[in-house]
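In: sequence and predicted structure, then a few things I'm wondering about:
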Amino acid sequence: MMKITEILEKETDLTRPAVYVVATPIGNADDITIRALKILGSVDLLICEERKIGARLMRSYGIKHEFIELNEHNEKEYSEELAMRIVSENLTVALISDAGTPLFADPGNKFIPICYQKGISVIPIPGASSLMAALMAAGISSPHFLYYGFLPANKQSRQQAIRRLPSSDDIIILEAPYRLKQLINDMEKYLGPKRQAVLCWKLTYPEELIIEGNLGYIKEATAEFGKGEFVLILRRKDRR
């Protein structure tokens with residue numbers, strides 16, 4: 001069997017022009033695939049959400065690149081120009097988010113359709129995902145679940161959205177790292193303290209915690225928590 005160093009040193013044949021959508025770690029830097037490292041080390045250009053975060057991650061793997069930022073501030077205006085550059089220079093590029101699997105509540109959803117229009121190949125490189133990690137920890141028994149993503153940031157709109165959440169499916173909720181307490185408080189208020197849920201806190205970090213129980217218990221257990229990435233899975237109401 002080849003050693004990892006030998007695999008990484010082996011030349012990688014890349015498609016041109018192409019955008020490789022590459023999953024990167026959500027916390028633990030070891031959670032990256034050999035294929036992802038090979039792609040990241042071989043492309044002409046790296047598209048990242050935030051230059052500082054992307055450069056720091058690449059340095060940790062000994063990879064140097066030209067970086068281009070693509071985020072909520074410039075994606076709408078810059079996507080067409082970037083896609084045209086990829087075609088005109090016959091580039092192969094990697095698209096990463098700040099952490100985890102790109103395009104799940106991350107920039108890139110306006111850029112990728114333009115790539116298809118321009119004849120640019122789009123190639124997924126799967127890997128770490130907070131969504132899948134949370135599902136693994138939650139033990140979902142139903143063959144169906146609802147990925148809701150982020151609730152509205154506005155308090156009134158968020159509360160209205162919570163009241164409209166269906167009770168027949170397990171629901172996966174993402175939220176800003178600093179908004180855990182508001183989310184749990186609103187859910188307890190409008191869904192009741194006995195509604196069952198699973199909180200996945202700081203997945204893959206040394207501080208990782210999986211808290212399973214009703215919303216009242218989770219509220220009490222997280223009372224002293226500070227800022228931190230998390231995924232909340234709201235269990236369906238008729239779960240046995």
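Out: That came through fine. Numbers count the residues shown, from 1 in each chain.

In: chain center to stretch 181-195, what's the gap?
Out: Averaged C-alpha coordinates place stretch 181-195 at 24 Å from its chain's average position (C-alpha atoms, centre = their mean, to the nearest Å).

In: stretch 136-143 too?
Out: On the basis of C-alpha atoms, centre = their mean, stretch 136-143 is displaced by 19 Å from the centre of the chain it belongs to.

In: and residue 181, which helix or strand is it part of?
Out: Taking DSSP states H and E as the definition, one finds residue 181 inside helix 180-191.

In: now for that helix, which elements pack on it?
Out: Using 3 or more C-beta pairs under 8 Å, 6 or more residues apart in numbering; DSSP states H and E as the contact criterion, the neighbours of helix 180-191 among helices and strands are helix 155-164, helix 215-221, strand 230-234. For every residue, glycine as well, the C-beta is placed using N, CA and C.

In: tell me which of these sits most buried.
Out: Most buried of the helices and strands packed on helix 180-191, by mean neighbour count (mean count of other C-beta atoms under 10 Å): strand 230-234, with a mean of 24.

In: got the contact list for it?
Out: With C-beta atoms under 8 Å, 6 or more residues apart in numbering as the test, strand 230-234 has contacts from 130-131, 133-135, 138, 140, 145, 165, 170-175, 177, 180, 183-184, 187, 191, 195-203.

In: what average pLDDT does it get?
Out: Mean pLDDT, taken over the full extent of strand 230-234, equals 95.

In: can you list the strands that that strand pairs with?
Out: In the sheet containing strand 230-234, its partner strands are strand 170-174 (antiparallel), strand 196-201 (antiparallel), by DSSP bridges.

In: deepest-packed of those, please.
Out: Across these, averaging neighbours per residue (mean count of other C-beta under 10 Å) puts strand 196-201 on top, at a mean of 22.

In: quick check: angle from that strand to helix 180-191?
Out: Going by axes from the mean of the first three to the mean of the last three C-alpha atoms, to 10 degrees, strand 196-201 is angled at 170 degrees with respect to helix 180-191.
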